[in-house]
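Chemist: Mind looking at a prediction? Sequence and model below.
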Amino acid sequence: MSDASNASHARPPRATYLPFSPPSIGPEEIAEVADTLRSDWITTGPKTKAFEQRFGAYVGAPGGTALMLNSCTAGLHLALATLGIGPGDEVIVPTLTFAATANVVEHVGARPVMADVSPDTLCLDPASAAAVVTSATKAIMPVHYAGHPADLGAVDRLAEQHGLHVIEDAAHALPTRYAGALVGGRSNFAAFSFYATKNLTTAEGGALTGAPELLERSRVLGLHGMSRDAWKRFDRHGSWEYDVIAPGFKYNMTDIQASLGMHQLQRLEGFHERRRAVARRYTAAFAAVDALEPPTERAGASSSWHLYVLRLRPERLRMARNAFIEAMAERNIGTSVHYRPVHMMSYYAEKYGLAPDAYPVAKDAFERMVSLPLHPRLSDDDVDDVIGTVLDLVATHAA
């Protein structure tokens, strides 16, 4: 073991609790929200449209725009519905993801087929995905786990070989780069999350990008299947007339949310630099410690560092993962776990007869992982507290 076992890294306990991932809301966002509340339009309207254009331009989306929605889950659901995926179809998803990735496949009546993840990035393992392709497979849904890009080159080759749609779960992927380009700039669908803990937040919210013709179909499905946006109907030059051309959903974003998002987007690069700086400090502190496995960043990839997922090595540590988390909390440091694999959730395990050991890489990672605090509001002292506490626990409980 490294010198972590031979030296004390104890720090005085924090007097206050360090949250795992609070939002970073500034006066500009607050002022914009207040301006919206004083206006004549608070639901989907001109500020949502402006945010769509600014976000689309930022990620380089086809057509220069995006579709703003009330969640990433809505985006994934709309993508499947737009592509006509339904009963009798199968969609490949990595088992190490938030349950929504698989849930939306169930929502359209299709079957989510699990695949394992790569040991280094914990993103979808293309070889595992290739092994479960059948004649019923219609799409593959790579997840940019923790902000690291999935191997889109391998995913594209697999999709082309079998005629599959690619839908990127980009909930963690802002701003993530693959082969030098931001995620969200491709012609296939990509769905983003703006939940409160995300790198850019609108409290609740999300976005969908993709080829313009696909996005327009999704736009209709995302608002009741109506042929005319509500704000166009009620605007001064609008018309009350509309048609319903499909049984759509209620997935629209509001101008109140967009008011937050426009200013969050302006601050995103600064947020990202701070996240990268914190991640570098964590990795520098933990890389030489035998009991710890820091996350990796592959050559040619650029992570958004949405999460910093540290893995414990139980053969080097006389402390289980859950006990480690409890000890961190006792020292006033918040952590989390991302995620219990989908195949280990009771609904999916029971419905599809999936054993816990069916996807060994994901199961092993889940049992060892701890997500450390990572957000722009962390001070250098906060980072010192996290590092010192982790190293102290490792030194105290070294095997």
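Modeler: Great, that's in hand.

Chemist: Please make it C-alpha for all contacts and neighbour counts, starting now.
Modeler: Noted.

Chemist: Next secondary structure after whichever strand or helix holds residue 348?
Modeler: Following DSSP states H and E, the helix or strand that holds residue 348 is helix 346-352. Going down the chain from helix 346-352, the next helix or strand is helix 360-368, by DSSP H and E.

Chemist: Now that following helix: buried residues?
Modeler: Along helix 360-368, these residues count as buried under the neighbour rule (16 or more other C-alpha atoms under 10 Å): 361, 362, 363, 365, 366, 367, 368.

Chemist: Now do it: distance to the chain's middle.
Modeler: Here helix 360-368 is found 19 Å from its chain centre; the criterion is C-alpha atoms, centre = their mean, to the nearest Å.

Chemist: so how far is the helix or strand just after that helix off the chain centroid?
Modeler: Counting by DSSP H and E, the element after helix 360-368 in chain order, helix or strand, is strand 369-372. Put simply, strand 369-372 sits 15 Å off its chain's centre (C-alpha atoms, centre = their mean).

Chemist: Does the top helix by length along the chain pack against any helices or strands, and if so which?
Modeler: Using DSSP state H to define each element, the chain has its longest helix at helix 255-286. Counting contacts by 3 or more C-alpha pairs under 8 Å, 6 or more residues apart in numbering; DSSP states H and E, helix 255-286 is packed against helix 27-38, helix 46-59, helix 380-396.

Chemist: again, only this time at 7 Å
Modeler: helix 27-38, helix 46-59 (3 or more C-alpha pairs under 7 Å, 6 or more residues apart in numbering; DSSP states H and E).

Chemist: Using JSON lines, lay out the ones you listed together with distance to residue 258, mean neighbour count and mean pLDDT.
Modeler: Converted to JSON lines, the helices and strands packed on helix 255-286 look like this (distance: least, C-alpha to C-alpha, whole Å; neighbours: other C-alpha atoms under 10 Å; pLDDT from 0 to 100):
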{"stretch": "helix 27-38", "distance to residue 258": "9", "mean neighbour count": "15", "mean pLDDT": "98"}
{"stretch": "helix 46-59", "distance to residue 258": "5", "mean neighbour count": "20", "mean pLDDT": "97"}
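
Chemist: that older thread, next, the buried residues of the longest helix of the chain.
Modeler: For helix 255-286, burial by neighbour count (16+ other C-alpha under 10 Å) applies to 255-265, 268, 271-272, 274-276, 278-279, 282-283, 285-286.

Chemist: now stretch 366-380
Modeler: For stretch 366-380, by 16+ other C-alpha under 10 Å, it's 366-378.

Chemist: Which two among those are spaced furthest apart?
Modeler: Maximum pairwise distance in the buried residues of stretch 366-380, criterion C-alpha to C-alpha, is 28.5 Å, between 367 and 377.

Chemist: Break the chain down into its domains, please.
Modeler: 3-18+268-396, 27-264 (automatic domain parsing).

Chemist: Could you tell me how far the shortest one lies from the centre of the chain?
Modeler: On the basis of C-alpha atoms, centre = their mean, domain 3-18+268-396 is displaced by 17 Å from the centre of the chain it belongs to.

Chemist: Check stretch 177-192 too.
Modeler: When distances are taken as C-alpha atoms, centre = their mean, stretch 177-192 is centred 13 Å away from the chain's centroid.

Chemist: For the remainder of this discussion, apply numbering that starts at 419.
Modeler: Fine by me, first position is 419 from now on; the one you just mentioned is stretch 595-610.

Chemist: quick one: average pLDDT of that stretch?
Modeler: Averaging pLDDT along stretch 595-610 gives 98.

Chemist: sorry, back to before: mind saving the C-alpha coords of the helix holding residue 766 as PDB?
Modeler: The C-alpha trace of helix 764-770 is given here as PDB (Å, rounded to 0.1, in the frame of the first residue of the first chain):
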ATOM      1  CA  SER A 764     -36.700  -5.500  -8.200                       C
ATOM      2  CA  TYR A 765     -39.100  -4.600 -11.100                       C
ATOM      3  CA  TYR A 766     -36.500  -5.600 -13.800                       C
ATOM      4  CA  ALA A 767     -35.000  -8.500 -12.000                       C
ATOM      5  CA  GLU A 768     -38.400 -10.100 -11.400                       C
ATOM      6  CA  LYS A 769     -39.900  -9.300 -14.800                       C
ATOM      7  CA  TYR A 770     -37.000 -10.500 -16.900                       C
END
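
Chemist: so which helix or strand takes in residue 493?
Modeler: helix 490-500.

Chemist: Now residue 729, what are its backbone angles?
Modeler: Dihedral pair for residue 729: phi -110, psi 130, per degrees, to the nearest 10.

Chemist: so it touches residue 785, yeah?
Modeler: No - using C-alpha atoms under 7 Å, residue 729 is not in contact with residue 785, being 8.6 Å away.

Chemist: angle of the longest helix of the chain against helix 445-456?
Modeler: Interaxial angle, helix 673-704 versus helix 445-456 (axes from the mean of the first three to the mean of the last three C-alpha atoms, to 10 degrees): 160 degrees.

Chemist: Out of the domains of the chain, indicate the one that is most buried.
Modeler: When the domains of the chain are scored by mean count of other C-alpha atoms under 10 Å, the highest mean neighbour count falls to domain 445-682 (a mean of 21).
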